[in-house]
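A.B. asks: sequence first, predicted coordinates after that:
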Amino acid sequence: MRKGLAGQRLVAVFIAGMLLLNYPILSLFDRPLSLFGLPLLHVYLFGTWLALIVAVAWIVERGAR
């Protein structure tokens, strides 16, 4: 894979992260509900954070081959 394509994908992940962790989206999950005994907002935050890390790792590893 070309370095330019990997860079573009990393920028896309960054923009997706900015949108997913911005106030209007976060307010959708700020409800008095719990999932697995944890507040819904915390589950969303950590799940999104994990998904972004996995996406970045996948892009970087795929570009290294």
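C.D. replies: On my side now, so go ahead. Fair warning: this is a prediction, and the values are worked out from it, not measured in the lab. Numbers count the residues shown, from 1 in each chain.

A.B. asks: count of residues packed around residue 59?
C.D. replies: Here the count is done by other CB atoms under 10 Å, and residue 59 has 19 residues near it. Quick note: C-beta positions are derived from backbone N, CA and C, even for glycine.

A.B. asks: backbone dihedrals for it, please?
C.D. replies: Listed backbone geometry of residue 59 is phi -70, psi -40, with angles given as degrees, to the nearest 10.

A.B. asks: what's near enough to touch it?
C.D. replies: When contacts are counted by CB atoms under 8 Å, 6 or more residues apart in numbering, residue 59 touches 6, 9-10, 13.

A.B. asks: excluding chain neighbours, give the residue nearest to it in space.
C.D. replies: For residue 59, ignoring the flanking residues on the chain, the nearest one in space by CB to CB, 6 or more residues apart in numbering is residue 9 at 4.9 Å.

A.B. asks: are we agreed that that neighbour is in a helix?
C.D. replies: Yes - with DSSP: H, G, I helix; E, B strand; the rest coil as the criterion, residue 9 is part of a helix.

A.B. asks: tell me where the chain has helices.
C.D. replies: Counting by DSSP state H, residue ranges of the helices within the chain are 3-20, 23-28, 40-64.
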